[in-house]
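how does the following fold in three dimensions:
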Amino acid sequence: MRATWNGQTIADSDDTVVVAGKHYFPRSAVREELLSPSEKTSFCPVKGTANYFTVTVDGQENVNGAWTYPAPRDDAIKDRIAFWNGIEVKAEAVS
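The predicted model follows:
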């Protein structure tokens, strides 16, 4: 799976976990230099509290375009990051 936005790959991995229709990428597969912590948080009774990131590519910001659960109730998404808000996540053919 590959996450892209504004013409740049943000994350690329064949080891994503799908929860509620969203792919969670291992942190090691994410270009964290493109992420900066946001003040936004949200709470899910199933997964816990999410912390968000702003994704910045070529000077353009996608505010709250990524999130993680630092202490998830579901260990399957521990140390993983998911994307939304216009960030495309799709399967990429291996060449």
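
now do stretch 59-79, average pLDDT.
Taken as a whole, stretch 59-79 has a mean pLDDT of 95.

swap that for stretch 19-31, please
Here the average pLDDT along stretch 19-31 is 96.

how far out from the middle of the chain is that stretch?
Computed by CA atoms, centre = their mean, to the nearest Å, the separation of stretch 19-31 from the middle of its chain amounts to 5 Å.

what's the residue nearest the centre of the chain in contact with, if anything?
Central residue of the chain (CA atoms, centre = their mean): residue 82, 2.5 Å from the mean position. Taking CB atoms under 8 Å, 6 or more residues apart in numbering, we find residue 82 in contact with 19, 22-25, 66-68. Heads up, the C-betas are built off the backbone N, CA and C, glycines and all.

repeat that for residue 44.
Per CB under 8 Å, 6+ apart, neighbours of residue 44: residue 50.

any idea how far it lies from residue 50?
Computed as CB to CB, to the nearest Å, the residue 44 to residue 50 distance reads 7 Å.

which two of the contacts of residue 82 have the greatest separation?
Greatest spacing in those, by CB to CB: 19 and 66 (14.7 Å).

of those two, which one has the most company?
residue 66 (28 against 18; other CB atoms under 10 Å).

check which helix or strand covers the spatially closest residue to that one that is not a sequence neighbour.
Spatial nearest neighbour of residue 66, chain neighbours left out: residue 53 (4.3 Å); criterion: CB to CB, 6 or more residues apart in numbering. Following DSSP states H and E, one finds residue 53 within strand 48-57.

in its sheet, what does the helix or strand just after that strand sit against?
Heading C-terminal from strand 48-57, the first helix or strand you meet, by DSSP H and E, is strand 60-68. Strand 60-68 has the following strand partners under DSSP bridges: strand 48-57 (antiparallel), strand 80-83 (antiparallel).

may I have the shortest one as PDB, with CA atoms only?
C-alpha atoms of strand 80-83 as PDB (Å, rounded to 0.1, in the frame of the first residue of the first chain):
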ATOM      1  CA  ARG A  80       1.200   2.800  13.300                       C
ATOM      2  CA  ILE A  81      -0.100   5.800  11.400                       C
ATOM      3  CA  ALA A  82      -3.200   6.200   9.200                       C
ATOM      4  CA  PHE A  83      -4.200   8.900   6.700                       C
END
